[in-house]
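Engineer: pasting the sequence and the predicted coordinates here, then a few questions.
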Amino acid sequence: QVVLVESGGGLVQPGGSLKLACTASDRTFFEYPMAWFRQVVGKDREFVAGINGSGTSQVYQTSLNGRIRISRDNAQNMIFLQMDNLKPEDTATYYCAAKTAVGIEARSDAYDFWGPGTQVIVSS
């Protein structure tokens with residue numbers, strides 16, 4: 001069982017930046033592909049970015065257009081999501097997720113473990 005906990009959400013003005021973090025409890029964290037998803041109430045959970053176990057491969061939602069960057073620090077059992085030039089439509093609850101099978105997936109049902117989420121509000 002992997003316990004994931006997100007942090008770093010909050011209120012930010014349009015054009016601002018946030019860096020989200022996710023801490024994993026499992027010692028074998030470095031083996032797991034991880035991802036960030038986001039969800040707005042009433043809508044499906046949406047893939048934001050994913051990263052492989054070693055951190056050498058990343059996949060991004062194309063519509064986010066270079067405004068985000070996913071990274072990981074396996075020594076600290078953490079992944080990060082740097083978000084720049086934030087827009088009101090980025091407002092959502094952001095979740096980190098881990099999967100035990102190899103490969104980065106954009107489908108939320110491919111992930112086995114989820115954090116409780118951290119809320120990001122982009123508003124002036």
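Structural biologist: Looks like it arrived, so ask away.
Engineer: use CA for all of it now, contacts and neighbours both
Structural biologist: Noted.
Engineer: what's opposite the spatially most central residue of the chain in the beta bridge?
Structural biologist: For the chain, the residue nearest the mean C-alpha position is Trp36 (2.2 Å; C-alpha atoms, centre = their mean). With DSSP bridges applied, Trp36 shows beta-bridge pairing to Ala49, Cys96.
Engineer: my guess is it meets Tyr95, correct?
Structural biologist: Yes: counting by C-alpha atoms under 8 Å, Trp36 touches Tyr95, with 5.6 Å between them.
Engineer: what about the residue nearest to Arg45 when sequence neighbours are not counted, distance to Val3?
Structural biologist: Excluding the flanking residues, the one nearest Arg45 by C-alpha to C-alpha, 6 or more residues apart in numbering is Gln39, at 4.5 Å. Distance, Gln39 to Val3, by C-alpha to C-alpha, to the nearest Å: 20 Å.
Engineer: okay, the two: which has more neighbours?
Structural biologist: Applying other C-alpha atoms under 10 Å to Gln39 and Val3 shows that Gln39 carries more neighbours, namely 19 against 15.
Engineer: contacting residues for that one?
Structural biologist: The contact partners of Gln39, taken as C-alpha atoms under 8 Å, 6 or more residues apart in numbering, are Arg45, Glu46, Ala92, Thr93, Tyr94.
Engineer: just send those residues back as JSON lines, with pLDDT too.
Structural biologist: Formatted as JSON lines, the contacts of Gln39 follow (pLDDT from 0 to 100):
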{"residue": "Arg45", "pLDDT": "96"}
{"residue": "Glu46", "pLDDT": "97"}
{"residue": "Ala92", "pLDDT": "98"}
{"residue": "Thr93", "pLDDT": "98"}
{"residue": "Tyr94", "pLDDT": "98"}
